[in-house]
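**Student:** no letters, just coordinates:
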DNA sequence: GTATCTGCAAAACATTTGCAATTCT
DNA sequence: AGAATTGCAAATGTTTTGCAGATAC
């Protein structure tokens, strides 16, 4: 049985073709796509696929801890099936989002006073090596 | 001369009453308000104030390094006039955003390979001490 | 008097919702 | 049958844009 289908079943979610396609896409494209990107990519193979389903699926995946939401730019929610401890760097020139991994934790004394952490997010904005030298701006 | 007006002049921005009011509000309300919150708060005093002006002003302030944009929830851009090194914690129950300050830097080897960092953002989501005990969810 | 700034109305855009049809179990 | 899922169309909410009038240098 496919590993992706297993994940759905394990979380009590029906492994519909649309849902499997979305998670499969996310697992194989580490590009932090938006819902629209995923929809556009899958539409040819699933002609009746709707944006609604993509959005609903991504929300279900998030609720069940199968993906994380990456928010760097407003109105541009991105998704990532990599649940390991890592942060992101978005190039303000080419728009690409890079992963970077870290092992250390972030000890913040102020957070020890009874705060219960559910998610930790660390990201940078700047220029990637390729864009740093070029003259194009924004 | 007012310190806030000075800041505008120093950056070559006209210190219009609306702009001054926005920055003044941000400097005196460390609650990480949204554009809408600021608009609603200032409207009584500036009856003709428009959302457009609030948005444009906040963008100018950001471009000139007088505020930072805080993005934790999609479609909910918040603003902060505190430009010091600090992160945020948003309570998923009451919605409040807490500041927390840190002194250490975050050394990420992967970022040293020619990435030029412009902004660093660190935030948490979870439950604040007050909401942790209560039974209300989300 | 010329560039900047304001604010109204409309547009743009991502995301959500109502709901009827469909699909699983 | 009954619950979950899909997808269309419409609605929502935030942010942006076109543009005319007002304001400041």
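**Tutor:** Perfect, I can see it now. Values in this document were obtained by computation on a predicted structure and should not be read as measured data. Numbers count the residues shown, from 1 in each chain, chains lettered A, B, ... in the order given.

**Student:** the strand or helix carrying residue A:117 - what's its average pLDDT?
**Tutor:** Element membership of residue A:117 [criterion: DSSP states H and E] is strand A:116-127. For strand A:116-127, the mean pLDDT works out to 92.

**Student:** got the angle for it vs strand B:116-127?
**Tutor:** 160 degrees (axes from the mean of the first three to the mean of the last three C-alpha atoms, to 10 degrees).

**Student:** who's in contact with strand A:116-127?
**Tutor:** A:68, A:70-72, A:87-93, A:102, A:106, A:111, B:89, B:92, B:106, B:111, B:115-127, B:132 (C-beta atoms under 8 Å, 6 or more residues apart in numbering or on different chains). In this view, the C-beta of every residue, glycine as well, is placed from N, C-alpha and C.

**Student:** which strands and helices sit next to the next helix-or-strand element following that strand?
**Tutor:** Counting by DSSP H and E, the next helix or strand C-terminal to strand A:116-127 is helix A:129-133. Contacts defined by 3 or more C-beta pairs under 8 Å, 6 or more residues apart in numbering or on different chains; DSSP states H and E place helix A:129-133 against no helix or strand at all.

**Student:** what are the buried residues along helix A:129-133?
**Tutor:** Buried residues in helix A:129-133, counted by 16 or more other C-beta atoms under 10 Å in any protein chain shown: residue A:131.

**Student:** which other residues reach it?
**Tutor:** Contacts of helix A:129-133 (C-beta under 8 Å, 6+ apart): A:91, A:93-94, B:113-116.

**Student:** if we go to 6 Å?
**Tutor:** Here helix A:129-133 makes contact (C-beta atoms under 6 Å, 6 or more residues apart in numbering or on different chains) with A:91, A:93-94, B:114, B:116.

**Student:** please indicate which of these are buried?
**Tutor:** Looks like the contacts of helix A:129-133 have A:91, A:93 buried, using 16+ other C-beta under 10 Å.

**Student:** my read: residue A:88 touches residue A:96, true?
**Tutor:** No - Residue A:88 lies out of contact with residue A:96 (C-beta atoms under 6 Å); the separation is 10.3 Å.

**Student:** more neighbours, the two?
**Tutor:** Taking other C-beta atoms under 10 Å in any protein chain shown, residue A:88 and residue A:96 do not tie; residue A:88 has more neighbours (20 against 13).

**Student:** where does the more buried one land in three-state SS?
**Tutor:** For residue A:88, the secondary-structure state derived from DSSP: H, G, I helix; E, B strand; the rest coil is strand.

**Student:** and it, how far is that from DNA strand D?
**Tutor:** To DNA strand D, residue A:88 is 20 Å away according to C-beta to the nearest atom of the strand, to the nearest Å.
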